[in-house]
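A.B. asks: I'd like to go over a predicted model; first the sequence, then the structure.
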Amino acid sequence: MKPNFSLRLRVFNLNYWGIPYLSKHRAARLTRLGDFLNLESFDLALLQEVWSEQDFQYLKQKLSPTYPAAHYFRSGIIGSGLCVFSKHPIQDTTQHVYTLNGYPYMIHHGDWFCGKAVGLLVLHLSGLVVNAYVTHLHAEYSRQKDIYLAHRVAQAWELAHFIHHTSKKADVVLLCGDLNMHPKDLGCRLLKEWTGLFDAYLEAQDFQGSEEGCTMVPGNCYVSQQDLKLFPCGIRIDYVLYKAVPGLCISCKTFRTTTGHDPHNGSPLSDHEALMATLCVRHSPPQQNPSPTPGPAERSPLVSVLREAWTELGQGMAQARWWAAFASYVIGVGLLLLALLCALAARDGAREVAVLLWTPNVGLVLGAGVIYLFHIQEAKGLCRAQAELQHVLGRAREAQDLGPELEAAPLLGLQEGNGVKDQ
């Protein structure tokens, strides 16, 4: 690599809020989004909540002169809502659908039907391999009583694990998306600690945008003020995260957000604010006096967040097993009632009553059976994630106990490939 090597990467991220028939001014916002992307000519545009494939096809055609490469990630019943538009050729794509994604009987929330996922595209830029990830995690809905916390933590772990295993040959790693987590939430801390990704908002040399980088702000006319009751300044749940391998310096030169409206038009592009980052990658000469590998005391944040995640998954697993047990009791009672109704149907006097009660009782048994199967599957998914965390925690404890003997090797490969952050 040439000593004066330099690469600039301009990235755009937006949760588009494109629910057919429900999202306000969807068609008009889609048109303005296409105009804005063509005008700005980013290297990469990563979108979430493009639920209609027709919307994707419209953008693909409109953006083709500026972004000749595009990909739509399909999953679930409705779709993942994830898509990317690239100025550069896409070498490869793949995706991972999250094991847990809400409850099918929470129809008014709808996350289970979407097939939330993480999509990966591989680019070759100036001799570097760039892995760009786009994702959308389960929504929170209630800060005080978050029934989806365990699912979102499990998703964050799967996301971190997916990045860890698919980015081994990448020189630059980029993650964009709506994580539906505040910066200090458990899942967000777990993701950053395990992958070593840097937050573009926190690292930006020049920031312009909403207060504290919030991506849902009260000044946006599409945002429900009730959702921001506890956060008068807004919330930050959309992110641009990045890292590079050793030998490369990566920095965020500029980071911008919209502030409740389109920069070139008064109306917002979405209920979320758009993120625009300019990342610079350059050659990093070998350090003369490299800093020592972090010792056990410095690794404690990772161990702490792993323990916290393990505990949260355990609580979620206990809740799932409770619901499975409850459903099994309902099935047992329903089967007893069916047997009783069969006995009553044999008598002439009670036959009409037995036949009348037969249908709702069968529905009860079948419904309870579906709930039982779902929560058993949920418990197994949480148990698998917890077992993976348990293994990682065991390795971490070994590293701390052995101390200097293992300090020459990166803990679980975490530090491997994190690169150098340009200050």
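C.D. replies: Sure, I can see it.
A.B. asks: Tell me which stretches of the stretch 101-250 of the chain form strands.
C.D. replies: Using DSSP state E, counting those that start in this stretch, the strands of the stretch 101-250 of the chain run over 117-125, 128-136, 172-178, 198-199, 206-208, 238-244, 248-257.
A.B. asks: Direction included, what does the second one pair against?
C.D. replies: Pairing partners of strand 128-136, with direction, according to DSSP bridges: strand 117-125 (antiparallel), strand 172-178 (parallel).
A.B. asks: The fifth one now?
C.D. replies: Here the strand partners of strand 206-208, with direction, are listed using DSSP bridges: strand 248-257 (parallel).
A.B. asks: Distance from the strand it pairs with to the middle of the chain?
C.D. replies: Taking CA atoms, centre = their mean, to the nearest Å, the mean C-alpha location of strand 248-257 is offset from the chain mean by 21 Å.
A.B. asks: likewise stretch 180-197?
C.D. replies: Distance of stretch 180-197 from the chain centroid (CA atoms, centre = their mean) equals 10 Å.
A.B. asks: same question, stretch 253-271
C.D. replies: Centroid separation for stretch 253-271 versus its chain: 22 Å, with CA atoms, centre = their mean.
A.B. asks: Quick one: mean pLDDT over that stretch.
C.D. replies: For stretch 253-271, the mean per-residue pLDDT is 86.
A.B. asks: Likewise for stretch 166-185?
C.D. replies: The model assigns stretch 166-185 a mean pLDDT of 97.
A.B. asks: For that stretch, measure first residue to last.
C.D. replies: End-to-end distance of stretch 166-185 (CA to CA, to the nearest Å): 25 Å.
A.B. asks: cool, stretch 36-50 as well?
C.D. replies: Across stretch 36-50, first to last residue, CA to CA, it's 16 Å.
A.B. asks: So for that stretch, what gets flagged as buried?
C.D. replies: By 16 or more other CB atoms under 10 Å, the buried positions in stretch 36-50 come out as 36-37, 42-50. Every residue, glycine included, has its C-beta placed from N, CA and C.
A.B. asks: Same question for stretch 238-251.
C.D. replies: Quick answer for stretch 238-251 (16+ other CB under 10 Å): 238-245, 248-251.
A.B. asks: what does stretch 315-334 give?
C.D. replies: When burial is assessed from 16+ other CB under 10 Å, stretch 315-334 yields the following buried residues: 316-317, 319-321, 323-324, 327-328, 330-331, 334.
A.B. asks: Show residues contacting that stretch.
C.D. replies: For stretch 315-334, contacts defined as CB atoms under 8 Å, 6 or more residues apart in numbering pick out 149-151, 153-154, 361, 364-365, 368-369, 371-372, 375-376, 378-379, 382-383, 386.
A.B. asks: Nearest to residue 13 among the buried residues of stretch 36-50?
C.D. replies: Set against residue 13, the nearest of the buried residues of stretch 36-50 by CB to CB is residue 46 (5.0 Å).
A.B. asks: Tell me how far the closest one lies from residue 272.
C.D. replies: Distance, residue 46 to residue 272, by CB to CB, to the nearest Å: 13 Å.
A.B. asks: overlap in contacts of these two?
C.D. replies: residue 14.
A.B. asks: Go through the buried residues of stretch 36-50 and flag which are in strands.
C.D. replies: The strands, defined by DSSP state E, take in 44-48 from the buried residues of stretch 36-50.
A.B. asks: the longest helix in this protein is where?
C.D. replies: Ranked by residue count, the top helix of the chain under DSSP state H comes out as helix 351-402.
A.B. asks: Mind giving me the packing neighbours of it?
C.D. replies: helix 149-166, helix 296-345 (3 or more CB pairs under 8 Å, 6 or more residues apart in numbering; DSSP states H and E).
A.B. asks: which one of the ones you listed has the most crowded surroundings?
C.D. replies: Highest mean neighbour count among those (mean count of other CB atoms under 10 Å): helix 149-166, with a mean of 23.
A.B. asks: Mind picking out the helix or strand in this protein with the poorest mean pLDDT?
C.D. replies: One helix or strand of the chain scores below all others by mean pLDDT, DSSP states H and E: helix 404-407, with a mean of 41.
A.B. asks: Need the pLDDT of the nearest residue to residue 383 once chain neighbours are set aside.
C.D. replies: Of all residues not flanking residue 383 in the chain, residue 317 sits nearest, at 5.7 Å (CB to CB, 6 or more residues apart in numbering). For residue 317, the model assigns a pLDDT of 97.
A.B. asks: Same question for the one 10 residues further on.
C.D. replies: The pLDDT attached to residue 327 in the predicted structure is 96.
A.B. asks: repeat for the one 4 residues further on
C.D. replies: Residue 331 carries a pLDDT score of 95 in this model.
A.B. asks: so what's the nearest residue to it once chain neighbours are set aside up against?
C.D. replies: Take residue 331 and drop its neighbours on the chain: the residue closest to it by CB to CB, 6+ apart is residue 368, 4.7 Å away. Counting by CB under 8 Å, 6+ apart, residue 368 touches 327-328, 330-331, 334.
A.B. asks: rerun at 7 Å
C.D. replies: 327, 330-331, 334 (CB atoms under 7 Å, 6 or more residues apart in numbering).
A.B. asks: what's the closest of the residues you listed to residue 179?
C.D. replies: residue 327 (31.4 Å).
A.B. asks: Just send the strands of the stretch 101-250 of the chain back as CSV, with distance to residue 74 too.
C.D. replies: Listed next are those as CSV, based on distance: least, CB to CB, whole Å:
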stretch, distance to residue 74
strand 117-125, 9
strand 128-136, 13
strand 172-178, 17
strand 198-199, 29
strand 206-208, 35
strand 238-244, 22
strand 248-257, 29
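A.B. asks: Where does the prediction get shaky in this structure?
C.D. replies: Within the chain, the stretches with pLDDT under 70 are 1-4, 262-265, 286-299, 348-352, 400-423.
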